[in-house]
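**Student:** Show me the folded form of this:
(one chain, ligands or ions: 1)
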Amino acid sequence: MPDLHASVESRVREALARESDRTRALESTVGLLKAGLPYYDWVGVYLLDGNELVLGPFSGKPSPHTRIPLGRGICGAAAAERTTIIVDDVNADSRYLACSPETRSEIVVPIMRRGHVLGEIDVDSDQRAAFGPRDQVLIETVAGLLADKL
Ligand code: SME
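**Tutor:** Alright, predicted model coming up:
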């Protein structure tokens with residue numbers, strides 16, 4: 001059975017190693033994550049600007065949430081708490097800001113450098129409870145790689 005997580009991680013490492021432009025680095029990363037895992041239905045990066053998360057490169061349907069104040073939504077909670085948040089059923093979480101009616105589960109991973117939040121990676125799935133430990137490790141590893149590019 002192919003190890004999708006390992007192959008996505010190595011593709012992201014290769015892409016980032018040869019990319020010095022920050023926007024292209026973010027675009028390549030969201031594209032590789034979305035293309036590599038069949039249940040990643042929306043992948044985007046938010047960048048912190050003052051007290052707001054501003055949507056940067058994404059792959060998937062356009063989101064109405066292009067600016068999210070710290071502390072709002074699952075995205076704002078992950079940034080404010082500086083921790084990864086996995087939500088198995090978004091409809092059962094009162095913090096959730098809906099992006100697409102098909103979305104069932106979500107993972108948000110802060111991008112941090114020396115304890116400061118620079119932004120975050122947000123992945124939505126149309127499957128319930130889609131994200132497990134392997135997704136958390138992959139996206140946290142990728143967030144660490146991106147932190148060096150921001
Ligand atoms: N669901 C997020 C908002 C961003 S969209 O999913 C792209 C949240 O609750 O913060």
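**Student:** what ranges of this protein fall below the confidence cut-off?
**Tutor:** Low-confidence regions of the chain, defined by pLDDT under 70, span residues 1-2.
**Student:** How many residues are close by the closest residue in space to residue 124 that isn't next to it in sequence?
**Tutor:** In space, residue 124 comes closest to residue 42 once its chain neighbours are excluded; the distance is 4.0 Å by CB to CB, 6 or more residues apart in numbering. Yep, even glycine has a C-beta here, placed from its N, CA and C like the rest. Counted with other CB atoms under 10 Å, residues neighbouring residue 42 total 22.
**Student:** Residue 42 reaches residue 55, doesn't it?
**Tutor:** No. If you go by CB atoms under 8 Å, residue 42 and residue 55 don't touch, sitting 11.2 Å apart.
**Student:** which neighbours do these two share?
**Tutor:** Residues touching both residue 42 and residue 55 comprise residue 63, with contact defined as CB atoms under 8 Å, 6 or more residues apart in numbering.
**Student:** secondary structure element for residue 120?
**Tutor:** In the assignment (DSSP states H and E), residue 120 maps to strand 116-125.
**Student:** List the pairing partners of that strand within its sheet, with orientation.
**Tutor:** Sheet pairing here is set by DSSP bridges, and for strand 116-125 it gives strand 42-49 (antiparallel), strand 105-113 (antiparallel).
**Student:** List the contacts of the longest one.
**Tutor:** Yep, that's strand 105-113 we're talking about. Residues lying outside strand 105-113 but in contact with it, judged by CB under 8 Å, 6+ apart, are 45, 74-75, 77-79, 82-90, 96, 117-125, 127-131, 135-136, 139-140, 142-143, 146-148, 150.
**Student:** Could you give the number of residues near the residue found closest to residue 84 once you drop the neighbours it is linked to in the chain?
**Tutor:** Here the nearest residue to residue 84 in space, its sequence neighbours aside, is residue 109; by CB to CB, 6+ apart that works out to 4.8 Å. Burial measure for residue 109: 25 neighbouring residues, criterion other CB under 10 Å.
**Student:** Which strand residues bridge residue 109?
**Tutor:** On the basis of DSSP bridges, residue 109 takes part in beta bridges with residue 121.
**Student:** Relative to the ligand, which residue of this structure is the closest?
**Tutor:** For the chain, the residue positioned closest to the ligand under CB to the nearest ligand atom is residue 73, at a distance of 2.5 Å.
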